[in-house]
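Asker: can you look at this prediction? I've put the sequence above it.
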Amino acid sequence: MEQRLAPAPASPAARGLSSAQAAERLRRDGPNRVARRGAGWTAVLVHQFQNPLLVLLAGVAVLSIALGQHTDATIVLTIAAMSTGLGFVNEYRSQRVLEDLRARMRRRAVVERDGRVVEVDSEELVGGDVIRVEAGDVVPADGVLLESHALECDESVLTGESEPVEKSARAADRIVMGSVVRAGAGVAVVTATGMRTAYGALAGAAARALPESAFARGLRGFSGLLLAITAWITGVVFLASATLLARPLWESLLFALAIAVSLAPQLLPAIVTVSMAVGARRLAEKGVVVKRLAAIEDLGDMQVLFTDKTGTLTEGRVGFDGAVDVHGAPALRVLLDGLLCNEAAWTEQGAVGGNTLDRALWSAAAPLAAQLREYRRVEIEPFDYDRRLTSVLVDGPAGRMLVAKGAPESILARCAGVDAATRAYIERLFDAGVRTLAVAECAAAAAATAELGARQDLTLIGLLLFSDPLKRDAGASIERLRHLGVDVKVLSGDNERVTRKLCTDLGVCGEIVTGAQLEALNDTEAAAAIARATIFAR
């Protein structure tokens with residue numbers, strides 16, 4: 001089994017780069033950034049003329065000029081120009097705001113620089129950097145694996161395949177920018193950044209062919225219907241005038257064209273644009289940026305909103321509340337094991353990598369700093385979403401032992417002798433909405449370095465307690481959505497009882513479905529369950 005903490009191969013790439021090397025390559029290759037559709041005024045202006053109603057008005061203006069109705073033509077062209085100008089001003093302003101927001105948003109990457117593990121802005125990654133990825137991370141660049149441990153990546157953003165792909169360092173597998181680490185961990189050397197990555201090539205192609213929105217399709221269909229009706233009526237009027245009324249052909253043609261001009265909805269484009277511009281202004285007052293005015297109609301047509309819980313309904317700032325034994329008494333031993341069984345790396349800058357719970361644990365590490373130095377981690381089996389736990393093998397003063405930390409139900413399934421009182425205590429924590437991790441351990445043979453997560457002889461020693469308070473305005477926002485006719489459904493990776501308690505506090509009640517239950521259903525049953533349920537946990 002590959003060891004995530006094993007020394008990397010003795011090559012310059014495996015040791016990472018120095019800061020000077022990285023700076024030189026960054027100047028040479030440019031930032032690790034995927035180009036997006038620009039905010040150039042010409043592109044935004046051209047987009048305005050793709051409105052089919054404006055094409056209809058242009059045809060009306062041409063007919064008016066042909067009929068000698070120059071005043072009508074001027075009015076129609078003025079209305080078209082005002083509609084185009086209003087749409088241009090709103091969309092160009094939104095484009096500039098989005099560019100400013102992108103400049104402020106930064107994603108961090110864990111990288112080896114100057115022989116140390118540090119966090120850097122992902123845009124500063126260069127070819128030759130050695131990066132670390134683990135469950136939940138978005139891969140920041142293309143690379144080749146140097147080390148891996150049960151690594152699985154979701155590459156659906158590139159391939160469309162929902163099943164994760166196993167990655168192995170032995171086979172020198174590649175990881176690609178934009179994919180999500182579903183399980184395990186790995187160390188890779190960066191081979192491509194920015195637009196030179198596979199994701200960059202895909203993003204470039206997608207930016208050149210934006211999909212048509214439902215509103216745009218409806219508008220195009222409506223415009224086509226107007227053209228068809230106008231053409232049909234014009235033809236009927238022309239034939240009736242020329243045959244039934246026996247008028248001259250030229251007079252009949254002019255009369256039919258005049259009817260066509262009168263049927264055209266000259267003010268409709270301006271009304272549509274002004275309505276959406278007013279909506280964009282109101283959304284801007286609420287801090288919402290509208291990139292395309294047509295998106296407002298799609299937003300207004302929303303019927304169901306699926307929302308994440310952590311960081312959306314909650315503050316997203318996970319705090320460590322304490323470590324307790326199986327009876328609820330404070331226990332430093334449980335905290336020590338939790339720190340040993342931790343995927344975050346402690347550096348001079350603080351905890352880097354790992355999930356939010358692992359990083360929160362380090363806030364309480366100071367009293368145990370001396371004890372932690374007495375242990376050496378031999379191997380780690382990182383967290384994944386199937387086992388829902390992390391396992392480590394460590395050498396310490398009492399010899400080699402196995403420590404596991406994870407979802408209480410996953411840990412309890414691997415422990416023997418857990419009494420009913422302990423299980424009842426854990427259930428009470430769930431019902432109170434406390435985010436809980438269980439910690440267990442057992443002695444391990446000196447040579448045991450495989451199948452850490454398969455052990456079934458663990459002893460539960462305690463629990464780690466965390467909190468993530470609800471946002472103060474979350475409940476009011478959900479109630480407002482209900483009044484607007486939007487059905488809100490909550491998604492969470494937490495235990496179903498913890499999720500139910502938090503949702504109840506928000507006023508979101510209803511049937512709860514877990515991921516395991518959905519997996520057991522066929523497509524028809526799953527669709528019915530999704531429509532019926534309100535809360536989705538685990």
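Answerer: Here it is on my side, so go on.
Asker: checking residue 493 next. Helix, strand or coil?
Answerer: What DSSP: H, G, I helix; E, B strand; the rest coil gives for residue 493 is coil.
Asker: ok, it - contacts?
Answerer: Residues in contact with residue 493 (CB atoms under 8 Å, 6 or more residues apart in numbering) are 310, 537, 538. In short, each C-beta sits where N, CA and C put it, glycine included.
Asker: who wins on neighbours among those residues?
Answerer: With neighbours taken as other CB atoms under 10 Å, the top of the contacts of residue 493 is residue 537, carrying 23 neighbours.
Asker: surely it touches residue 516?
Answerer: No. The criterion here is CB atoms under 8 Å, and residue 537 misses it with residue 516 at 9.8 Å.
Asker: sorry, back to before: what's the closest of the contacts of residue 493 to residue 393?
Answerer: Nearest to residue 393, judged by CB to CB, of those is residue 538 at 27.3 Å.
Asker: contacts only, for the residue nearest to that closest one when sequence neighbours are not counted.
Answerer: Using CB to CB, 6 or more residues apart in numbering and skipping the chain neighbours, the partner closest in space to residue 538 is residue 514 (4.5 Å). Contact analysis of residue 514 by CB under 8 Å, 6+ apart lists 496, 536, 537, 538.
Asker: same thing but at 10 Å, please
Answerer: 495, 496, 499, 520, 533, 535, 536, 537, 538 (CB atoms under 10 Å, 6 or more residues apart in numbering).
Asker: just the ones of these in strands?
Answerer: Under the assignment DSSP state E, the contacts of residue 514 contribute 535, 536, 537 to strands.
Asker: stretch 417-430 - what's its average pLDDT?
Answerer: Here stretch 417-430 scores 86 as its mean pLDDT.
Asker: how much space separates residue 391 from residue 320?
Answerer: For residue 391, the distance to residue 320 equals 21 Å [CB to CB, to the nearest Å].
Asker: the more surrounded of these two?
Answerer: residue 391 (24 against 19).
Asker: that one contacts residue 401, correct?
Answerer: No. Residue 391 lies out of contact with residue 401 (CB atoms under 10 Å); the separation is 11.2 Å.
Asker: looking at the ones in strands among the contacts of residue 514, which one is closest to residue 158?
Answerer: residue 536 (25.9 Å).
Asker: what's the closest of the ones in strands among the contacts of residue 514 to residue 224?
Answerer: residue 536 (40.5 Å).
Asker: okay, now the closest residue to the closest one other than its chain neighbours: neighbour count?
Answerer: The shortest distance from residue 536 to any non-neighbouring residue, by CB to CB, 6+ apart, is to residue 491 (4.9 Å). A count of neighbours around residue 491, defined by other CB under 10 Å, yields 15.
Asker: pairing partners for residue 192 in the sheet, please.
Answerer: residue 142 (DSSP bridges).
Asker: residue contacts, it?
Answerer: Applying CB under 10 Å, 6+ apart, the residues near residue 192 are 29, 32, 127, 141-143, 174, 176-177, 198-201.
Asker: please redo it, this time with the cut-off set to 8 Å
Answerer: Counting by CB under 8 Å, 6+ apart, residue 192 touches 127, 141, 142, 143, 177, 198.
Asker: what does residue 356 give?
Answerer: Residue 356 touches residue 318, counting by CB under 8 Å, 6+ apart.
Asker: that one and residue 533, how far apart?
Answerer: 26 Å.
Asker: quick check, pLDDT for residue 129.
Answerer: Reported pLDDT for residue 129: 90.
Asker: count of neighbours near it?
Answerer: Using other CB under 10 Å, residue 129 has 28 other residues around it.
Asker: hmm, it is touching residue 111, no?
Answerer: Yes. Judged on CB under 8 Å, residue 129 makes contact with residue 111 at a distance of 5.2 Å.
Asker: overlap in contacts, these two.
Answerer: Residues touching both residue 129 and residue 111 (CB under 8 Å, 6+ apart) are residue 16.
Asker: ranges for the helices of the stretch 1-150 of the chain?
Answerer: Using DSSP state H, counting those that start in this stretch, the helices assigned to the stretch 1-150 of the chain run over residues 19-29, 41-48, 52-66, 70-104.
Asker: ok, now the stretch 351-500 of the chain?
Answerer: Ranges of helices within the stretch 351-500 of the chain are 356-361, 369-372, 408-412, 420-431, 474-483, 496-506, based on DSSP H, counting those that start in this stretch.
Asker: so how far is residue 382 from the residue nearest to residue 538?
Answerer: 23 Å.
Asker: residue 336 and residue 373 touch, don't they?
Answerer: No. Checked against CB under 8 Å, the pair residue 336 and residue 373 is beyond contact range at 11.8 Å.
Asker: look at those two and report which has more neighbours.
Answerer: Between residue 336 and residue 373, counting by other CB under 10 Å, residue 336 is the more crowded of the two (22 against 8).
Asker: Three-state assignment for the more buried one, please.
Answerer: Three-state call for residue 336 (three-state DSSP): helix.
Asker: residues touching the nearest residue to it once chain neighbours are set aside, list them.
Answerer: Leaving aside its chain neighbours, residue 336 sits nearest to residue 368 (5.4 Å; criterion: CB to CB, 6+ apart). For residue 368, the contacting residues are 332, 335, 336, 339, by CB under 8 Å, 6+ apart.
Asker: now the helices for the stretch 201-350 of the chain?
Answerer: With helices called from DSSP H, counting those that start in this stretch, the stretch 201-350 of the chain shows them at 214-239, 249-263, 268-285, 295-300, 332-340.
Asker: dump these into CSV; add distance to residue 82 and mean pLDDT as well.
Answerer: What follows is those, written out as CSV (distance: least, CB to CB, whole Å; pLDDT from 0 to 100):
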stretch, distance to residue 82, mean pLDDT
helix 214-239, 18, 75
helix 249-263, 19, 66
helix 268-285, 6, 71
helix 295-300, 19, 76
helix 332-340, 64, 87
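Asker: any idea which of these gets closest to residue 107?
Answerer: Counting by CB to CB, residue 107 lies closest to helix 295-300 out of the helices of the stretch 201-350 of the chain; the figure is 24.5 Å.
Asker: next, the buried residues of that closest one.
Answerer: Residues of helix 295-300 classed as buried: 295, 296, 297 (neighbour count, 16 or more other CB atoms under 10 Å).
Asker: give the closest residue to the last one in space, chain neighbours not counted.
Answerer: If the residues on either side of it in the chain are set aside, residue 297 comes closest to residue 215, at 4.0 Å by CB to CB, 6+ apart.
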